[in-house]
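Enquirer: Based on what follows, work out the 3D shape:
(one chain, ligands or ions: 1)
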Amino acid sequence: MTSEETRRDLVVYGRRLYEKGFVASTDGNLSARLPGGGFLATPTGLPKGELSEALIASLDGDGRPTQGVPSSEWPMHLAVYRARPDAGAVVHAHPPFATALACAGRTLDRPILSEVLISLGAVPLAAFELPSTEDLAEGVARSLGGHAAVLLANHGAVTVGPDTRAAYYRMETLEQAARIQLYADLLGGGRSLPEPAVQALKGLGEGYKLAPLPCAACEGCPVAAGESGAVVLRREELARLLAEFARVNGRA
Ligand SMILES: [Zn+2]
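Expert: Numbers count the residues shown, from 1 in each chain. Here you go, the predicted structure:
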């Protein structure tokens, strides 16, 4: 992914955070690691619904701004990048259901939904620290550990991913899961999936990846041509694979 594409994604998914109601006003921030070193980050004090590519801040490999002023939560993003060399992007937002859980001191650690186990896994809770402080930055990176997402007590949530798009969709999954968990709690509490299913789903999660976007704009696109790992299956091939999967897992 080029620097231009990385910059564009920060705008696209930053605006989407606002449109989905995951942030209000100037809340939230996004950043991404650049392929050649350095980072891009959303600017301080700007509503995410008003983002544009020219307003994105640039930072060098040590996290020092080289153009524009990054979010006041940039130290939190940098702490995550330092702890997680695999993180290509970090998204921070205040989605209402996930943030409600975080305000109640709860986590998303009960295995009640298959999709959440596959794409997100367990979500820990980082202790409250004042926003924009080093204590928050270090606490979030420590609590995140090797997870895909972390709740921030009395504050919001952080997700990471190989790129901005993946980190954004983890935030969507997190918010949907938090909403369903709350509804299930109102109905007496969600029942956990059976343990063998939990183990099988955790195994599936190892290989979970978002399908690459077909790149309609470029002719001879390597992604569309399947040259970067994209696989195109005919209907009967997919049916055969699914039947094989069910047989191996003792479901047929
Ligand atoms: Zn925040």
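Enquirer: I figured residue 80 was touching residue 89, is that so?
Expert: No - if you go by Cβ atoms under 8 Å, residue 80 and residue 89 don't touch, sitting 9.9 Å apart. In short, each C-beta sits where N, CA and C put it, glycine included.
Enquirer: quick one, which of the two is more surrounded?
Expert: residue 89 (28 against 21; other Cβ atoms under 10 Å).
Enquirer: pLDDT at that one, what is it?
Expert: You'll see residue 89 listed with a pLDDT of 98.
Enquirer: Same question for residue 240.
Expert: At residue 240, pLDDT is 75.
Enquirer: number of nearby residues for it?
Expert: With other Cβ under 10 Å as criterion, residue 240 counts 12.
Enquirer: And residue 5, by the same measure?
Expert: 13.
Enquirer: cool, and residue 136?
Expert: Counted with other Cβ under 10 Å, residue 136 comes out at 21.
Enquirer: show me what contacts it?
Expert: By Cβ atoms under 8 Å, 6 or more residues apart in numbering, residue 136 lies in contact with 73, 75-76, 129-130, 152.
Enquirer: which pair in the residues you listed spans the largest distance?
Expert: 75 and 152 (13.9 Å; Cβ to Cβ).
Enquirer: mind listing the strands in the stretch 101-250 of the chain by residue range?
Expert: Ranges of strands in the stretch 101-250 of the chain, per DSSP state E, counting those that start in this stretch, are 125-126, 149-152, 156-161.
Enquirer: Contacts for the last one, please.
Expert: Pointing back at strand 156-161 there. Residues contacting strand 156-161 (Cβ under 8 Å, 6+ apart): 27-28, 76, 80, 84, 87-95, 98-99, 102, 123, 140, 144, 148-152, 167-171, 174-175.
Enquirer: For residue 132, grab the count of nearby residues.
Expert: Neighbours of residue 132 (other Cβ under 10 Å): 14.
Enquirer: Make sure it is actually in contact with residue 73.
Expert: Yes - applying Cβ under 8 Å as the test, residue 132 and residue 73 come out as touching, 5.9 Å apart.
Enquirer: if we can go back for a sec, same list (the contacts of residue 136) but as a markdown table, adding neighbour count.
Expert: Formatted as a markdown table, the contacts of residue 136 follow (neighbours: other Cβ atoms under 10 Å):
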| residue | neighbour count |
| --- | --- |
| 73 | 24 |
| 75 | 19 |
| 76 | 28 |
| 129 | 19 |
| 130 | 9 |
| 152 | 26 |
